[in-house]
Structures are given as C-alpha cells and as structure tokens.
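predicted model follows, preceded by the sequence.
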Amino acid sequence: MCQKHFFQDRNSLGFRLLYPFCYTHRHYVNTFRNFRWDAINEMDEYFSPIHTYQVCNVMSPSQNNWLRTAWIPRDGARRIYIEVKFTLRDCNSMPGVLGTCKETFNLYYYESDRAVGTAIRETQFTKIDTIAADESFTGVDLGVRRLKLNTEVRGVGPLTRRGFYLAFQDIGACIALTSVRVYYKRCSGVGRNLAVFTDVVTGADSSSLVEVRGQCVDHAEERDTPKMYCSAEGEWLVPIGRCICSAGFEEHRESCIACEVGFYKPMAGDGLCGRCPLQSHSETRAALYCPCDSSHYRAPTDPPAAPCTSPPTAPVNMISTVNGTSVNLEWGRPMDSGGRSDLLYSVLCQKWTVDRSGVVPVRFVPRQSSLTEPWVTVLNLVAHANYTFRILAMNAVTHLSNEPAPFISVNITTNQAGRGHLYFYNLIGVIAIRQENASQNSVTLQWHEPDQPNGVILEYDIKYFEKDKEQQSYSTLKAKGTTARVSGLKPGTRYIFQVRARTSAGCGRFSQNVEIQTGKASKRSGALFSFVESLTRFRIFTVVFLQTIVVYYSIFSHVAYCFHPVVGDQMLMLFLLVSFPDVRFYIDPHTYEDPCQAVHEFAQEIEASRIRIEKIIGSGEFGEVCYGRMRLPGKRDIPVALKTLKAGYSDKQRRDFLAEASIMAQFDHPNVIHLEGVVTRSKPVMIITEYMENGSLDSFLRRHDGQFTIIQLVGVMRGIAAGMTYLADLGYIHRDLAARNILVNSNMVCKVSDFGLSRVLEDDPDAAYTTSGGKIPIRWTAPEAIAYRKFSSSSDVWSYGVVMWEVMSYGERPYWNLTNRDVIKSVEEGYRLPAPMGCSGALHTLMLDCWQKDRNERPRFCQIVTVLDKLIRNPENLKSMDTLLGTPPMMDRSIPDFSSCSSVDEWLDTIKMGRYKDHFAAGGYLTIGHVIGMNQGDIHRLGVTLMGHQKKIMTSVQLMRAPVHLYGTRRPWT
C-alpha cells in the first residue's frame, strides 16, 4: 500500500502546513523586490475562514515578488511532492492591465544541510516549474465569494542534502495561495509469501524501483530469497521468491503455526501438517515425526509417513506330504501380516535321536530361509526317523520386536528310502496352453515330465477351480500322459489349473498356478477374416487407382498432347512422368490375419538379453508394468518402461497386446509416446517404450495442486493438442483421450499414450457406459459417440476439451460424483462444465468450442494449437476470468440447487462443510448474499486451510454466482 508521509512540525501531532512562509523584508537581499506577499484571512463561499498568502501587483510591470518557506528537513526522502492549492484572477476581468498582468507563477527549491536564514540569493534557487491555473475567477465570482480553487502537484528529485527550502515567485499575477502540502511516498510494511517486508522510501526518480529483501516470519526458512520492488508510486510489485514453513509447522494466514498434537510435518515445505500414520502418535506440538504405538515399529527403510506395523502372526494350515526320505511342506499365510507386504518364511528342522539331542542338517529346496512362497521341499532325510519342522513367519520389523518370531510346527516320520530321490520341485508347469476353437467349455493342457523323477511316473493329477473359489470347491482329473483335455467348464470364466506327478514313492508338489479364461462364441470365422482382408486390399487398390486417374486428368487437362508425324497412320504420344507425394497413413493392425506379422512389419524386435527389469511400477490390463534399462550397442543404458503379457493369456489378449505395439510403432512425434521395440521371441512378451518419469497427467496434477503458472498449464495443453494433431493427420482416432492416458516426463513434456483397442478404462465400475460395441468412458466422450458409436477426430476434440478442464482443475474428476446416466442426460440438454477456479475466460471459451453439440462446429486440433500458441505469445489475454463472446459457463443441473438454501448454515451442510459454520459467522458472512461475493483469499482468511476444502467451497460459490445458461450459438470453426 502507498503511504504519503507529510513533513511534520516537531511540536505537533497533526498533519498541517508545517513550515510557515517567510516573506520578504525591506532589509532583505537587494535582488528581491520590496513588494511583498500579504498574509490575509478571508471567508470562503461557505463563510468558513481561510488563511491565504496573496499578491496582486498587476498595475506595475516587471514584478519579482518572492515567498519562501522555512528550512524543511528531508527526513530520508529522495523525492518529494509539492501540492499547491491556489486561486488566480482573470487578467481580462481587470481594466488597464493588459500589458502588465500575468496568469502564472513560478515554483523553486533550494537544498542545504542546515537552515541558512536569509542568506540565499534568488539565483541559487532551482526552478521546478511554471504553474498556471486551470480556472481563474472574475469580479462576478468575487461578489459571491466563489474562489475557483486550482490544485497542482509537482515532484522534485533526487534530493541529496539534509533539507531544503521552497519558494514561490510572482511575476505580475493576482494570486492567492490557500494551501501548500509537502510530502514524500513510501511503500508500507507488508507480509507476502511468509516473508515480512519493512517500510521503504520510494526511489529518487519517477521510474526507479527499490529492491527490498524480505525477512522470513517465525518458524519459516527461505526456499528462494524473498524480494519485492517498491515502485515510485509507493506500490509493491509482484513478490519474487518465498519462504516455507519449517519442519513441524504449517502455513496459516501468512504465518507458520505449530502442528497440533496428533499431527506432524517431517520437513520444511509448503505442505500442511499430516495426521499421524496408523499405529503412531505425537505427544507434543510441532512434531517432526510420529513415534510408533506399543508393539508397532517402522523398518529402517520406511519413510516417516509410513504407518507403523507389527510382526506377523504364525502361519496356518500346515500340510506335510512324506515321500520316502523327503517331505513337501505347504502352509497358509498368517491371519495377520502385521500390515506389511514383505512377508518371508524360514524353516527350522530338527531330527530327534534316542536321547533327543543333536540336529542333522538336510537339504531345502528352494532354500531354508527368506522364502517368499508358502512351500518348501526337504531332501536327504534319514529313513524311519522322526523330524520336527517349524515354519517361522517374519517381516522387516520382526527383528525390532523383543518377542520371538511366531511359528507353526509339524512332526513327521520318514519311510523307506527309494533307489533315488524324487525331485518334484523340478516339475515344469504348463508350457503351452491353447483354447479349442470349437468349444466354449474346454481347454487343453500340455506340460513336460519332471527332470529327475524317483522311479516311473504312474500318472499326473490335474487340479482346477474357478478363480478365487478354491476354498469353496475344486475338481481333479487324472492323466497318463503329458496332455489332458479338461471339459465341462463354464463359458467366459477364469479358471486356475495345477499339475503334479505321482510315482510309487508318492506325489510331488503342484506346479505354479496357470490362469485361463474360457472363451465366448466366435463371431468371425476364418473365411470372414479372409473376406475382410480381401475387401480391405480391394479398397486400397481402388483408392490408389482413382487417385492416379485424378492426378493424370489434372495434368493432361492443362498440358496438350504432343503428336509427331511418323511413317504410316501411327502417331507418337508424349506422356509426362508423374511422381506422387510421400504421404503416410495409419494402418489398422487388425486387418492382418496374424498380429505377429503386423508387429514385425512396424516394430523393432529387441533381444531379451538387452533388457534389465529393475522394479514393478504398476499393473495394466495385460500384465505388469515395469521400470528397467535397455542396453544399446556402444551407448549408455537408457531407462525404459516395459509392459508385459501375463502368463495364461488368451488368444484375444495376445492379439490386442501385439496390436497396441503395432499401432505405437507407426507413430513418431515428440508429443506421442515412443515405442523402443518389442520382445516376442522369448517369454514374457514385452512392449518397450520410453520411460516417463512423472507418470500419468492426472496423478501428476493432483500431486502438484496449485503449483504451476497459467503459462505452464497452457504449455501442457499445447503439447497434447500437437500430439493429437499429428495423430489426426495420420487418420488415427484415439477414442479414449483423457488425462489418465497422457504421460509426463521429467521436463514436463506431455505425450499421448494408451493405444489399446480393448482396454479396461478404469477400476471404477461406473467409469464406462457399456453398449453392444464395448465400453465407452462417458465423462470424456462426445454425445454422438455415446449414442451412435460414431467416433471421429471431432469426438477426440470433445475429449480434448475435457482434458483441458482436467488440467485447469488440477486433476479433478469431470462432473464430480454425478452418475454416468446423469452426465449423459445433462450433456444432451445442453449443460457444460463450468470454468475451474482461476481458469482464464479465453481457455474456457475454447473448452466450450470443443463441446459444441454439432461436431462440424468444433475446432480441428491444428486450429486449437494455433489458438494456444497465440495465448502463449500474448499472456495478457489469459488474465480475464470472463468467458469470451458473452457465453457464461455451463453448469450441470444435477449439481445441488443452492438457491433453495435459506441460510449460510444450510448451504454449508448441503456441501458437507458444516464444520466451518463458526468460521463464517465469526467472519461476518451471515447471509447467502455475503457468501456470493467471496474469493479464495477470503475463504483462506476464515481459517479454511485445507486446499481441498477451499476448492470445494469456492466451486460452490461460483455455481451460486453464475446463473444456469444453455449453450448458445457460437462462432463456427469450419
């Protein structure tokens, strides 16, 4: 805020004209005229007394009458302002003074380090300006006491001495000074970004800026040096840098307050204090971490935000199978894993002799300790001996507990040893599975024999059951060979299969689970595929042939044939050679009968030995998504993302998996995810793409809520539009454009991804509206695509508008918690999403253009890129919050009707924010009318510190503020 500081009389507390004028005396410096200014008290037009200094020597020529102030201390000011109020007589209203009367006077100043009395010559003064009146009075005005005051302000600087004098020179005017005020400007102290900026005097000239460094408030520390600039007008400019609250403190109304008991904050930052994780607590305020409750611990590698966990309970349901001098042990997971996923098992074995002493070592497969699976095979046991086995369950906090690891035990007695040991752990699981094309209720299994069976294998046991229903029922089947056909299965159902071998010495353990889904009736026969392929090739040939005719016709319609006479009746025709431009088209891999052919035609095969998988970062429809590194010949390893095809995949899953790779391989654009290659000649089958460090755009935005500038967000939208322009030019229709399918790298470059044609759209079962043709993501899909399954580049533009809304709302769910049915109905009736909080009107206008009901009126992606480029080049167009062209934001009628709320308390209850009733009452917001005028800063000042609650309240305020409008006519983009 600008403050004007007036020079004060040292003995006075009020502001007034501080230094009385000193007018000339007859014994004054000879160069000063003897005519003086007179101090006169008069009455104004309202009959109020006023004190003036007047001079009116208009009859005599060459007037030089001076009026000077006392010495005024500068008081640190570098530039001062003089405000003069005066009234002046019109020379034309006085007879006989035409040659001597003037209508201006001069203003001067003189700097000195101390008061010098009258020892100043007029030549030592520096002229500030000649002052003229905007209005002058006449004799008529005098009769009615109408003064016609003029006010003029002049600035002087830079000042360098300790003080100064002001002087007024009359050169022949009839003038009265009624008021003179001398002041300087300063920026008053203020707090910004958790830093305090003290008062500072403005600069010496009208364009100078004074840099002020801020001091962090208590319990805060610098992230970037906080600075602000004070302008010459005494106004603070935009702050630079900021402070952040220290560990154990959070921001509250430009200060840092301690975390309450039960909350903590481990490091300095913008974040709020977090509630103590599960099974932990804090006993004091300003806690940096939360100690664990009794019998709960954190592993050394656990972050402070991790919940405290406990050791697991003992394993359950031990099953032992003795095979001569070996035993297979299997058990169930503990009832309580302690809240951790790093569960491991160890096996203790003890052979009891007659005196029950001594322990005989045996062989464990796969190992004795750090087992991740609940089974072990123990070999090399002594025949006809008694053994006790203990299975211990442990996790990363077991060693922190004073209690011993819990265990389950079993006693067994070995039998007569056979001629050789039986290694059932070598039993190879199913290596090739196929689903019979002619049946929906059977599968065929195939496997290898164990490498080292203990005798002749008598038969194989096949165990199978519906997925997740093993405890309810399962079935078994015997087989003599390494192939078995399992029938009587339910169509479209996932089954788990296991196989084990049996010899005269006993049974081995079951193989690893193999998951298979029975198929549905095939709608396409091989003949139909051949027909489709033939039809596709015929269409391509027809298009090329027609293009050739058009090009030749266009050429020869403008170029005459050249005929040359030859022997006989023959004529020689000269043809032109026509070259066609190199135009790329997207080729649907589903037109290939064998998806492997499409993959090998478009994608690069990469040797599996060049890939190193380092960690699992997620799971997809087809299998796990991993982070790894790919070795390039003669170059450094590069980070990559790997999508794997899970074991037990169906033929359809394999086709879709390879089809996605074939699609990605055809794209090459900086805003489209790049395919490095595929691994198809070994297992697991993998798709290898570039690694995007920041993951999906929606999660990235939610993690950085409110941290980006508007230009950065527009840059994000511009990158997505550029990628979609490239895809649209190739003729590719995405059909599932959403923030979740945009990936972000470390440089905040966004790339379009997820080109699967048969994908699981979301974990939420309410996420897609199912029709006879598959699933559709309702909240992102154009109305014509929902109603008629008419997908086009224009329907992708609709989806892009929703992506823009997601970006500006930092990853909020479109249409919030409305059901899909309500969304469809509301969009059909013309309602549209309102502008997110802080969204530019220009951007919301572009969203509304993308949501035109008539798809022909929506912009093309190339036009969207052009609009965003203009906004980036002219950021001032992003400042207005008003939607352009007079079209207000569209709102969904299914959002609660706040107009029915008669009080602030009722409104807060409606949006489930009733906890803030006292805050609103204390802040003076007692009616809905008061609430409608609020902004986000007002909400924060009420004590609503949680960003999510601020956004929820502000969104409701915006919805109440804007009336519901239907989508009117807008400019066409065609």
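Done, it's in.

now do the strands in the stretch 501-650 of the chain.
When secondary structure is read from DSSP state E, counting those that start in this stretch, the stretch 501-650 of the chain shows strands at 506-507, 514-517, 563-565, 571-573, 611-619, 624-630, 638-644.

least reliable of these going by mean pLDDT?
Confidence, taken as mean pLDDT, is least for strand 571-573 of these (a mean of 29).

export the strands of the stretch 501-650 of the chain as JSON lines, with columns for mean neighbour count.
C-beta here means a position set from N, CA and C on the backbone, and glycine is covered the same way. Listed next are the strands of the stretch 501-650 of the chain as JSON lines, based on neighbours: other Cβ atoms under 10 Å:
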{"stretch": "strand 506-507", "mean neighbour count": "18"}
{"stretch": "strand 514-517", "mean neighbour count": "20"}
{"stretch": "strand 563-565", "mean neighbour count": "9"}
{"stretch": "strand 571-573", "mean neighbour count": "9"}
{"stretch": "strand 611-619", "mean neighbour count": "13"}
{"stretch": "strand 624-630", "mean neighbour count": "18"}
{"stretch": "strand 638-644", "mean neighbour count": "20"}
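
ok, which of the ones you listed comes nearest residue 485?
If you check each of the strands of the stretch 501-650 of the chain against residue 485 by Cβ to Cβ, strand 514-517 wins as the nearest, at 12.7 Å.

what pairs with the closest one, parallel or antiparallel?
Here strand 514-517 is paired, per DSSP bridges, with strand 494-503 (antiparallel).

averaged over its residues, what pLDDT does the partner strand have?
85.

CA atoms only: put it into CSV for me.
Output for strand 494-503, consisting of C-alpha atoms alone and laid out as CSV, is shown next (Å, rounded to 0.1, in the frame of the first residue of the first chain):
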residue,chain,number,x,y,z
ARG,A,494,-11.4,-67.6,-15.4
TYR,A,495,-10.0,-70.9,-14.1
ILE,A,496,-6.8,-71.8,-12.2
PHE,A,497,-5.0,-75.1,-13.2
GLN,A,498,-2.3,-77.0,-11.3
VAL,A,499,-0.4,-80.2,-12.3
ARG,A,500,1.7,-82.7,-10.3
ALA,A,501,3.2,-86.1,-10.9
ARG,A,502,2.9,-89.3,-8.9
THR,A,503,5.3,-92.3,-8.6
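
just the buried residues of it, please?
Judged by neighbour count using 16 or more other Cβ atoms under 10 Å, the buried positions of strand 494-503 are 495, 496, 497, 498, 499, 500, 501, 502, 503.

tell me how far it lies from the chain's centre.
48 Å (Cα atoms, centre = their mean, to the nearest Å).

list of residues touching that strand?
Identification of contacts with strand 494-503 by Cβ atoms under 8 Å, 6 or more residues apart in numbering yields 422, 424, 427, 429-430, 443, 445, 447, 449-450, 453-467, 470, 486, 489, 507-518.

I'd guessed residue 281 sits against residue 287; true?
No - with contacts counted by Cβ atoms under 8 Å, residue 281 stays clear of residue 287, the gap being 9.1 Å.

these two: which is more packed in?
Neighbours were counted for residue 281 and for residue 287 using other Cβ atoms under 10 Å; residue 287 has more, 23 against 15.

near residue 383, how many other residues are there?
Applying the criterion other Cβ under 10 Å, we find 12 residues in the vicinity of residue 383.

packing partners for the strand ranked longest in the chain?
Looking across the chain with DSSP state E, the single longest strand is strand 174-187. Here strand 174-187 is seen to pack against strand 2-6, strand 49-56, strand 80-88, strand 163-170, strand 200-201 when contacts are counted using 3 or more Cβ pairs under 8 Å, 6 or more residues apart in numbering; DSSP states H and E.

just name the most buried of the ones you listed.
When you average the neighbours per residue for each of the helices and strands packed on strand 174-187 (mean count of other Cβ atoms under 10 Å), strand 163-170 leads with a mean of 22.

between strand 80-88 and that one, find me the angle.
20 degrees (axes from the mean of the first three to the mean of the last three Cα atoms, to 10 degrees).

alpha carbons only: can I get strand 163-170 in PDB?
Output of strand 163-170 as PDB, limited to C-alpha atoms (Å, rounded to 0.1, in the frame of the first residue of the first chain):
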ATOM      1  CA  GLY A 163      16.900  19.700   4.000                       C
ATOM      2  CA  PHE A 164      15.500  22.200   1.500                       C
ATOM      3  CA  TYR A 165      13.600  25.400   1.000                       C
ATOM      4  CA  LEU A 166      10.600  26.100  -1.300                       C
ATOM      5  CA  ALA A 167      10.000  29.500  -2.900                       C
ATOM      6  CA  PHE A 168       7.200  31.000  -5.000                       C
ATOM      7  CA  GLN A 169       7.900  33.800  -7.500                       C
ATOM      8  CA  ASP A 170       5.200  36.200  -8.600                       C
END
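
assign the residue found closest to residue 870 once you drop the neighbours it is linked to in the chain to helix, strand or coil.
The shortest distance from residue 870 to any residue that is not its chain neighbour, by Cβ to Cβ, 6 or more residues apart in numbering, is 7.6 Å, and that residue is residue 877. Applying DSSP: H, G, I helix; E, B strand; the rest coil to residue 877 yields a three-state assignment of helix.

what sits against residue 877?
The contact partners of residue 877, taken as Cβ under 8 Å, 6+ apart, are 840, 842, 870, 871.

rebuild those as JSON lines, extending it with pLDDT and secondary structure.
Conversion of these to JSON lines gives the following (pLDDT from 0 to 100; DSSP: H, G, I helix; E, B strand; the rest coil):
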{"residue": "840", "pLDDT": "88", "secondary structure": "coil"}
{"residue": "842", "pLDDT": "89", "secondary structure": "helix"}
{"residue": "870", "pLDDT": "90", "secondary structure": "helix"}
{"residue": "871", "pLDDT": "91", "secondary structure": "helix"}
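
of the residues you listed - the most surrounded one?
Counting neighbours by other Cβ under 10 Å, residue 840 comes out on top of the contacts of residue 877 with 23 neighbours.

got the phi and psi for it?
phi -70, psi 150 (degrees, to the nearest 10).

and it, what does it touch?
Residue 840 makes contacts with 710, 871, 877, 878, 879, 880, 881, as judged by Cβ under 8 Å, 6+ apart.

for these, which one is nearest residue 835?
The closest of those, once distances to residue 835 are taken by Cβ to Cβ, is residue 881, at 7.5 Å.

can you pull the contacts of residue 197?
If you count contacts by Cβ under 8 Å, 6+ apart, residue 197 has them with 187, 189, 190, 191, 212, 214, 215, 226, 228, 236.
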